[in-house]
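> Just a sequence and a predicted model for now, questions to come.
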Amino acid sequence: MLCLLLASSASSPASILKEHLGKAVCAPAAGPAALRRTVEADVIRLRKYEVPIKRVARRLCLDPALIAAIISQESRAGLLLNNGWDQGRQRYGLMQIDRRYYQPFGMWDSEEHINQCSSMLVAGINEVRARHPAWSWDQQLRGGICTYHARAGNLQVYDEDPCDRDNNYVNSVIRRAQFLKRNGF
């Protein structure tokens, strides 16, 4: 089984996270300082889910910081949810599964939900790896994160982040994962 950690085969286990430290990201609405404050607040709520996040990460061979970062990005660790739903009642749970495309499993904050969405993340990463074998591991990981968010299954160009018009989603998740990795996830 190939472990999907935030690392490349040619470097240390945390190299992908460390590689992006100090690099500018496209975040017009929330710069690095604002993002850091947001994640600092989220880490307190994320502690409640630390055990299930780490169990799922171990089972799926993912970095727990990546799962926690997506939870922080998607729902602010539950802060933005009303009984598990977003404001439009289309997306459900900590990791915001879209009910138009998927049947959510479990309660909105359950290990079952985290497992379902993390499995979708692994599938997205594997889909990008299969479609773009010449891309670097970092590019494949970023494409997989984007595929998880936008279901952009046929990414053709690496240079742009098709996840949102500000090219910010993947960079935000990576920044959050870096912070969370340094804080025990």
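It's in.
> can you pull out the helices in the protein?
Assigned by DSSP state H, the helices in the chain fall at 15-19, 32-46, 50-60, 64-75, 111-131, 137-150, 169-182.
> Can you tell me which of those is nearest to residue 94?
Residue 94 lies closest to helix 64-75 among these, at 4.7 Å (C-beta to C-beta). C-beta coordinates here come from the backbone N, C-alpha and C atoms, glycine included.
> picking up where we left off before, out of the helices of the chain, indicate the one that is most buried.
The highest mean neighbour count among the helices of the chain, using mean count of other C-beta atoms under 10 Å, belongs to helix 64-75: a mean of 26.
> which helices and strands sit right next to that one?
helix 32-46, helix 50-60, helix 111-131, helix 137-150, helix 169-182 (3 or more C-beta pairs under 8 Å, 6 or more residues apart in numbering; DSSP states H and E).
> tally of neighbours for residue 82?
Using other C-beta atoms under 10 Å, residue 82 has 9 neighbouring residues.
> what do you get for residue 87?
Neighbourhood size, residue 87 [other C-beta under 10 Å]: 9.
> tell me the contacts of it?
residue 80 (C-beta atoms under 8 Å, 6 or more residues apart in numbering).
> coming back round to it: adding distance to residue 68 and mean pLDDT, write the helices and strands packed on helix 64-75 out as TSV.
Formatted as TSV, those follow (distance: least, C-beta to C-beta, whole Å; pLDDT from 0 to 100):
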stretch	distance to residue 68	mean pLDDT
helix 32-46	5	93
helix 50-60	6	98
helix 111-131	10	96
helix 137-150	13	90
helix 169-182	5	94
